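Colleague: Everything below, folded, please.
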Amino acid sequence: MTLLFSALLSLVVAQTTYAQLQWSSCSSSSAVTIHTLDVSPVPIVFPGTSLLSVDIETTRVIQGRLSADISIVRTLSGGVKVPIICFDLGNTKFGSCSYDNFCESMQYLTGFGKDNCPGQLLHQGTCTCPIHVAGPQRLTITHMPFDVPAIPSLVSFLFTGEWDVKARVSDDFGELGCVELKFSVKPK
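Modeller: This next block holds a predicted model:
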């Protein structure tokens, strides 16, 4: 009986793993339109290197302080959904939080900045805070590598599995857009 239960549970878990990044807009009108968004590989592997591809179009200038409302839900084995609370990490936050300075939080988490900006972002105005992107324009990033850090083995199970993220981002002039993401994460 235990073997049968284990086999059924592993089938449920295997069927719920996202094989690719799934995304959708959650904004009826926005200053930013996402045409394509992709991360590979999915499941995202830690530690490792993933590739980001994005094609977005702006309808206006994007500038000033970015704010974001982020909601994160983690799906555990067996399909149990657990909202991730907001954690204060000292210099930034992580989790389901309202970010008053999302640009600086992203710089802290990614390491990107004025002196460390990937070539594909260098001329876009997106590596410095406050952000300034001339608009309207189209921004395309193709297979930009980003490092996914190692997670201590004692807590790696907390990061392994399915993630549902909803992000609503605004600048000094109003909402830029809203996106819902679904992806999986696993250890190397």
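Colleague: Touching stretch 85-99 from outside, list them.
Modeller: Contact with stretch 85-99 is made by 66-72, 83-84, 104-105, 108-109, as judged by Cβ atoms under 8 Å, 6 or more residues apart in numbering. All C-beta atoms are positioned from the backbone trio N, CA, C, and that covers glycine.
Colleague: make it 7 Å
Modeller: 67, 68, 69, 70, 71, 72, 83, 84, 105, 108, 109 (Cβ atoms under 7 Å, 6 or more residues apart in numbering).
Colleague: chain center to that stretch, what's the gap?
Modeller: Centroid separation for stretch 85-99 versus its chain: 14 Å, with Cα atoms, centre = their mean, to the nearest Å.
Colleague: Which pLDDT does the model give the closest residue to residue 33 other than its chain neighbours?
Modeller: The shortest distance from residue 33 to any non-neighbouring residue, by Cβ to Cβ, 6 or more residues apart in numbering, is to residue 57 (4.7 Å). As predicted, residue 57 sits at a pLDDT of 93.
Colleague: Quickly note the distance from residue 57 to residue 171.
Modeller: 16 Å (Cβ to Cβ, to the nearest Å).
Colleague: quick one: the strands in the protein?
Modeller: Here the chain has its strands, by DSSP state E, at 22-25, 32-40, 44-46, 48-58, 62-64, 67-75, 81-83, 87-88, 93-94, 98-99, 131-133, 137-148, 161-171, 174-187.
Colleague: Can you add mean neighbour count and give those back as JSON lines?
Modeller: Output for the strands of the chain, formatted as JSON lines (neighbours: other Cβ atoms under 10 Å):
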{"stretch": "strand 22-25", "mean neighbour count": "14"}
{"stretch": "strand 32-40", "mean neighbour count": "15"}
{"stretch": "strand 44-46", "mean neighbour count": "17"}
{"stretch": "strand 48-58", "mean neighbour count": "16"}
{"stretch": "strand 62-64", "mean neighbour count": "19"}
{"stretch": "strand 67-75", "mean neighbour count": "18"}
{"stretch": "strand 81-83", "mean neighbour count": "11"}
{"stretch": "strand 87-88", "mean neighbour count": "10"}
{"stretch": "strand 93-94", "mean neighbour count": "18"}
{"stretch": "strand 98-99", "mean neighbour count": "16"}
{"stretch": "strand 131-133", "mean neighbour count": "18"}
{"stretch": "strand 137-148", "mean neighbour count": "14"}
{"stretch": "strand 161-171", "mean neighbour count": "19"}
{"stretch": "strand 174-187", "mean neighbour count": "17"}
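Colleague: of all the ones you listed, which lies closest to residue 120?
Modeller: strand 137-148 (4.8 Å; Cβ to Cβ).
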